[in-house]
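>>> Sharing a model that was predicted from the sequence below.
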Amino acid sequence: MRLPVSLCLIAGAVTCFESSFYPIKGSSQDQSSFANVDYIRTTDFNLTLDVDFDKTVIQGTNTLTLTAVRDVTEIVLDYQGLYIESASYSNTNLSTGFIDAFFETQTDSQLGSALRVFMTDKARPTDVVILRVQFYTTNQSLAINWLTKE
């Protein structure tokens with residue numbers, strides 16, 4: 001049986017796909033999450049949003065500061081009702097600047113959606129990684145209610 005794989009093209013390069021071939025496992029610390037907090041943990045974030053009331057869309061960038069707990073080559077985050085446009089990261093200990101990341105998404109009926117960002121270089125324990133995710137809301141974004149003028 002073949003499972004469908006969808007590809008996203010951004011700036012002419014394949015950067016994202018949805019896959020069921022290499023499933024993302026749930027978190028060992030929180031059974032309601034995909035996040036790989038055993039390997040890397042978010043310590044801070046900076047959320048920048050642009051709200052378009054006419055189109056009822058919110059576009060944004062979430063810049064997360066993460067600290068590696070173990071050797072890690074991927075970051076897994078939970079999300080819901082968003083279209084992920086791009087992801088880039090920087091390992092501050094390697095001074096590489098931001099690198100466009102290959103990423104994939106996965107949806108589970110029980111756990112929701114996961115974003116897996118692949119890093120080309122391994123982050124070692126105590127390394128600080130800055131992850132920048134650009135996104136916009138969709139009609140599946142349940143926590144948003146748009147009011148009419150009336």
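Thanks, I have it.
>>> just for this structure, where's the confidence low?
1-32 (pLDDT under 70).
>>> Pull out the buried residues from stretch 138-145.
Ser141 (16 or more other CB atoms under 10 Å). C-betas here are computed from N, CA, C, even on glycine.
>>> what residues does it touch?
With CB atoms under 8 Å, 6 or more residues apart in numbering as the test, stretch 138-145 has contacts from Ile58, Gln80, Gly81, Leu82, Tyr83, Thr137.
>>> where along the protein do the strands fall?
Secondary structure of the chain (DSSP state E): strands at 6-10, 13-18, 40-52, 57-68, 72-79, 82-91, 99-100, 102-108, 112-123, 128-137.
>>> nearest to Met119, of the contacts of stretch 138-145?
Leu82 (20.9 Å; CB to CB).
>>> hey, what's the spatially most central residue of the chain bridged with?
The centre of the chain sits closest to Leu115, judged by CA atoms, centre = their mean, with a distance of 4.0 Å. Counting by DSSP bridges, Leu115 is bridged to Leu77, Thr105.
>>> Now Glu85: closest residue in space that isn't a chain neighbour?
Nearest residue to Glu85, sequence neighbours excluded (CB to CB, 6 or more residues apart in numbering): Gln134, at 4.3 Å.
>>> so the one you found bridges to which residues?
Judged by DSSP bridges, the bridge partners of Gln134 are Thr61, Ser86.
>>> Is it correct that it is in contact with Gly60?
Yes: in this structure, Gln134 is within contact of Gly60 by CB atoms under 8 Å, at 7.3 Å.
>>> Including distance to Ile144, could the strands of the chain go into TSV?
Output for these, formatted as TSV (distance: least, CB to CB, whole Å):
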stretch	distance to Ile144
strand 6-10	22
strand 13-18	23
strand 40-52	10
strand 57-68	7
strand 72-79	14
strand 82-91	11
strand 99-100	28
strand 102-108	19
strand 112-123	16
strand 128-137	6
